[in-house]
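Engineer: turn this into a model:
(one chain, ligands or ions: 1)
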Amino acid sequence: MAEALLALKAYRVSLKISDKYLEVIRGIDLKLAKGEVLGIIGESGSGKSVLLKTMLGLMDYDSYRVDSGTLLYEGESMLELPIKKRYQILGRSIAYIFQNPKQSLSQRKTIQYHFKEQFKVLGKPYDASYVKQLLSDVGIENQTTLLKQYPYQLSGGQGQRIALALALVAQPKVIIADEPTSAIDATLKLKMMKLLKQINEKYGTAMIIVTHDFDVIHHITQRVVVMYGGLVMNEGDTQALMKASVHPYTRGLITCAESLKDMSSTLYELSGYPLNPLNFKEACPFAERCERKTISCEAMVPIMETYRGERYRCCHPYLDANDGGLAHA
Ligand SMILES: Nc1ncnc2c1ncn2[C@@H]1O[C@H](COP(=O)(O)OP(=O)(O)OP(=O)(O)O)[C@@H](O)[C@H]1O
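Structural biologist: Down below sits the predicted model:
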């Protein structure tokens, strides 16, 4: 793997709930190379947003505690820094696009106002022609009209594009997009996927795409991380993992996605529901729902196996079988 731009190691986070701390992120390692597009997939409640928002300092500082871990950005250690300082450094280089970007804009201010604010935050004079260039890059043609509009006048697709253009003002090295296609229809989804790919290619911006959608993972990411119960269960090259992963959770998610697409087949669903952090214990979080469950699954949290030096699977049945001839995916 190329040099890591961002590297997270053994990261644990607890959320403060009614004056008590509840562990939600339970020891996560993550790497993002320069220019890489990484996908993070997992059911609702897996911990995707808490992971990324706490890492960047985007959550209310009093609402959580980082229990352990290291975070390196361009080789510099971040977690020891006061959270506001960390946010300043990371905020300049990493843009976070929220799930409903239209709602994260001030509804009473024009789109142009939002661009001007971005320049102000960066301490740069407003550059109208650069803004028009960015709007054109994200596929907005009627730029002058659009700059005069208010967020509530935008369609879902336009909202996503504006959020992307606003993020690009700072020329970030990383864009983190939280569910970039969840609020738009299928045709716009395709356009958004193409757009993210174009931005990655044109500017070399590395990306972390958080999604529930394997189409998005398949079409735009090079590597994927599968999260469940505050852990990474499986990770690797996107195409290899989608084709050949034997991890029961990954396989279950992929089978669900495929059965939804294939109108002639019976709908497949993963049994049970995602585990609530209140019920986390020293066991594999997926054990209760897993068809391959063994005694080990209920006795301890599985460790991550590596293959050719890369992390790839966290699953007791495969660990216990000592991997005799099992597919490395
Ligand atoms: N502010 C909060 N107070 C209490 N619990 C929270 C809070 N934010 C998140 N959680 C809990 O932490 C766990 C992880 O949530 P998180 O939002 O990170 O999941 P996610 O994988 O991003 O889900 P989704 O795909 O639905 O956005 C969940 O069980 C969630 O209920």
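
Engineer: correct me if wrong: I303 contacts C314.
Structural biologist: Yes. At 6.7 Å, I303 counts as touching C314 under the criterion of CB atoms under 8 Å. Using the backbone N, CA and C atoms, a C-beta is placed for each residue, glycine as well.

Engineer: who's more crowded, these two?
Structural biologist: Between I303 and C314, counting by other CB atoms under 10 Å, C314 is the more crowded of the two (23 against 11).

Engineer: I'd say that one and T306 touch.
Structural biologist: No. Between C314 and T306 no contact is recorded; they are 10.6 Å apart, counting by CB under 8 Å.

Engineer: how about the closest residue to the ligand within the stretch 101-250 of the chain, nearest residue that isn't a chain neighbour?
Structural biologist: Nearest to the ligand in the stretch 101-250 of the chain, going by CB to the nearest ligand atom, is H212, at a distance of 6.1 Å. For H212, ignoring the flanking residues on the chain, the nearest one in space by CB to CB, 6 or more residues apart in numbering is I41 at 6.7 Å.

Engineer: from the ligand, how far off is that neighbour?
Structural biologist: As judged by CB to the nearest ligand atom, to the nearest Å, I41 and the ligand stand 9 Å apart.

Engineer: could you list the low-pLDDT ranges of the stretch 151-300 of the chain?
Structural biologist: Counting by pLDDT under 70, the stretch 151-300 of the chain has low-confidence residues at 183-184, 262-268.

Engineer: residue ranges for the helices of it, please.
Structural biologist: Across the stretch 151-300 of the chain, reading from the start of the chain, the helices by DSSP state H, counting those that start in this stretch fall at 156-168, 186-203, 214-220, 238-244, 248-261, 295-299.

Engineer: of all those helices, which one is nearest S77?
Structural biologist: With CB to CB, the closest approach to S77 among the helices of the stretch 151-300 of the chain belongs to helix 156-168: 25.2 Å.

Engineer: contacts for the closest one, please.
Structural biologist: Outside helix 156-168, the residues within contact range by CB atoms under 8 Å, 6 or more residues apart in numbering are 95-98, 100-102, 104-105, 111, 114-115, 118, 131, 134-135, 137-140, 146, 151, 154, 175, 177, 180, 183-185, 188, 191-192, 195-196, 199, 203, 205.

Engineer: next, the angle from that helix to helix 186-203.
Structural biologist: Using axes from the mean of the first three to the mean of the last three CA atoms, to 10 degrees, the interaxial angle of helix 156-168 with respect to helix 186-203 works out to 20 degrees.

Engineer: dump the residue contacts of the residue nearest to H212.
Structural biologist: Contact analysis of I41 by CB under 8 Å, 6+ apart lists V210, T211, H212, D213, F214, I217, V224, V225, V226, M227, L253.

Engineer: do the same with Y21
Structural biologist: By CB under 8 Å, 6+ apart, Y21 lies in contact with S14, L15, R65.

Engineer: 7 Å instead, please
Structural biologist: Y21 makes contacts with S14, R65, as judged by CB atoms under 7 Å, 6 or more residues apart in numbering.
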